[in-house]
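Engineer: Have a look at this prediction, sequence included:
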Amino acid sequence: MLHKNNEAVVSMSSLYTLYTLFTISSLYTLWAVVSMSASSNYYSVVNAVWSCLAACFLLAFCVHKISLHLPKRLERSRVYLLFEDLIRYGKTKQQIKRDSWLHVFDVPKRWFWHFYAVSVVWNGALIAMHVNHPYPVWLTDILGFLTGVPLRTISQVPQVSTLLVLLLLWLHSVRRLLECLCVSVFSDGVIHVVQYVFGMGYYVILGLTALCSDHQGAGQGAPEAPLQKLGWLHVGGIVVFIGASLLQHCSLVQLARLRTGRSGTVKTLAHRMPSGGGFEFVSCPHYFAELLVYVSLSLVSGGLSLTWWLVVLYVVFNQALAAQLCHEFYMSKFKSYPRQRSAFIPFVL
């Protein structure tokens with residue numbers, strides 16, 4: 001009887017989670033339709049890329065949640081194993097029985113620092129090119145392709161919003177690089193080579209996305225002193241960015257101390273149950289903080305950019321999937337794991 005009650009709770013939780021994501025996606029779809037009617041730049045490559053990425057991760061999340069209630073025999077199918085292997089990384093891969101051929105595509109999870117190293121170099125270069133307007137011809141051509149804006153409408157005045165977004169993105173990458181190298185304690189966890197390739201290109205596309213606002217002609221006009229262009233959205237976005245960065249750093253330090261203790265010496269590579277701080281509310285406060293970082297970037301960009309809100313939408317579904325997999329891992333490994341704890345967004349998801 002207790003087992004059936006637990007199944008009912010899990011089913012209701014799954015339905016609530018799917019309903020929440022459906023509501024979020026519906027609101028964003030409404031936003032997209034309104035923006036499409038108001039903006040001639042809606043049909044652009046950059047918007048299509050982020051829309052497709054958001055849709056793919058939403059689909060992956062829904063398929064995973066539904067698969068939990070399908071017959072167990074489907075878990076042995078190669079299609080199911082390949083799907084789960086592609087969406088999982090690190091400790092969550094331990095929950096599936098992987099065929100030997102799948103190990104060929106494994107890459108060490110500790111290589112995460114490569115993503116941030118690429119971001120620091122690439123986005124640092126974009127900052128330099130943005131300050132020294134006009135852009136090189138090759139960069140102008142790339143931005144023209146992504147936005148669909150004719151070359152004659154290219155902005156020649158660097159925008160403070162774009163510069164701030166690039167600077168915050170660069171600072172975020174520097175911090176994450178240092179955390180990967182100096183704070184986090186990686187075990188022998190792995191990621192799929194497809195995830196690795198995607199991660200290597202992710203921050204390249206993200207930096208180009210930040211420049212697309214200038215390329216759409218928003219920066220035409222006479223130059224002004226940077227401080228004269230600062231508004232409340234800039235200040236609010238920076239405040240959210242600082243708070244999110246502190247939350248993420250503290251959460252990563254807490255996870256590292258589960259393996260090192262306060263002495264800093266690695267004592268174990270086993271996974272332990274996290275508690276305290278943001279972990280009292282969600283299983284993955286560092287993923288929630290990641291979402292807040294991107295919300296802050298959207299605010300700094302002006303708060304009305306459809307492109308940046310599509311980026312936020314992608315981050316919602318991407319981090320929701322990763323957090324859900326971690327949440328399931330904790331729930332299955334630790335019998336005393338708090339049942340009231342959310343996976344990703346406090347009290348919501």
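Structural biologist: Thanks, I have it.
Engineer: give me the low-pLDDT residue ranges for the stretch 101-250 of the chain?
Structural biologist: 150-158, 214-229 (pLDDT under 70).
Engineer: Could I get the full set of strands for it?
Structural biologist: All strands of the stretch 101-250 of the chain, identified by DSSP state E, counting those that start in this stretch, fall at 106-108, 190-192.
Engineer: right, so these: which one is the most enclosed?
Structural biologist: strand 190-192 (a mean of 21; mean count of other C-beta atoms under 10 Å). Using the backbone N, CA and C atoms, a C-beta is placed for each residue, glycine as well.
Engineer: contacting residues around that one?
Structural biologist: 85-86, 89-90, 93, 105-109, 111-112, 199 (C-beta atoms under 8 Å, 6 or more residues apart in numbering).
Engineer: ok, and the most crowded of those?
Structural biologist: residue 112 (24 neighbours; other C-beta atoms under 10 Å).
Engineer: For residue 187, grab phi and psi.
Structural biologist: Dihedral pair for residue 187: phi -90, psi -150, per degrees, to the nearest 10.
Engineer: Hmm, residue 272 and it touching each other?
Structural biologist: No: if you go by C-beta atoms under 8 Å, residue 187 and residue 272 don't touch, sitting 11.7 Å apart.
Engineer: quick one: which of those two has more around it?
Structural biologist: residue 187 (16 against 12).
Engineer: In terms of pLDDT, where does the spatially closest residue to the more buried one that is not a sequence neighbour sit?
Structural biologist: Counting by C-beta to C-beta, 6 or more residues apart in numbering, residue 269 is the residue found nearest to residue 187 once chain neighbours are left out, at 4.1 Å. At residue 269, the model reports a pLDDT of 81.
Engineer: At the geometric centre of this protein, which residue do we find?
Structural biologist: Central residue of the chain (C-alpha atoms, centre = their mean): residue 315, 3.9 Å from the mean position.
Engineer: Please name whichever of the strands of the stretch 101-250 of the chain is nearest to residue 49.
Structural biologist: strand 190-192 (20.6 Å; C-beta to C-beta).
Engineer: mind listing what that closest one pairs with, with the direction of each?
Structural biologist: Sheet partners assigned to strand 190-192 using DSSP bridges are listed as strand 106-108 (antiparallel).
Engineer: Contacts only, for the residue nearest to the centre of the chain.
Structural biologist: With contact set as C-beta under 8 Å, 6+ apart, residue 315 has these partners: 290-291, 294.
Engineer: Format the residues you listed as CSV; extra columns: secondary structure, pLDDT and distance to residue 66.
Structural biologist: Below are the contacts of residue 315 laid out as CSV (DSSP: H, G, I helix; E, B strand; the rest coil; pLDDT from 0 to 100; distance: C-beta to C-beta, whole Å):
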residue, secondary structure, pLDDT, distance to residue 66
290, helix, 96, 25
291, helix, 95, 24
294, helix, 96, 27
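Engineer: Name only those of these that count as buried.
Structural biologist: Among the contacts of residue 315, those classed as buried by 16 or more other C-beta atoms under 10 Å are 290-291, 294.
Engineer: ok, the residues you listed vs residue 139, which is closest?
Structural biologist: For the buried ones among the contacts of residue 315, the nearest to residue 139 is residue 294 (23.2 Å; C-beta to C-beta).
Engineer: Could you report the separation of that closest one from residue 190?
Structural biologist: Using C-beta to C-beta, to the nearest Å, residue 294 is found at 26 Å from residue 190.
Engineer: next one: residue 248
Structural biologist: Distance, residue 248 to residue 190, using C-beta to C-beta: 23 Å.
Engineer: Check residue 337 too.
Structural biologist: On the measure of C-beta to C-beta, residue 337 and residue 190 end up 24 Å apart.
Engineer: Okay then, goodbye and thanks.
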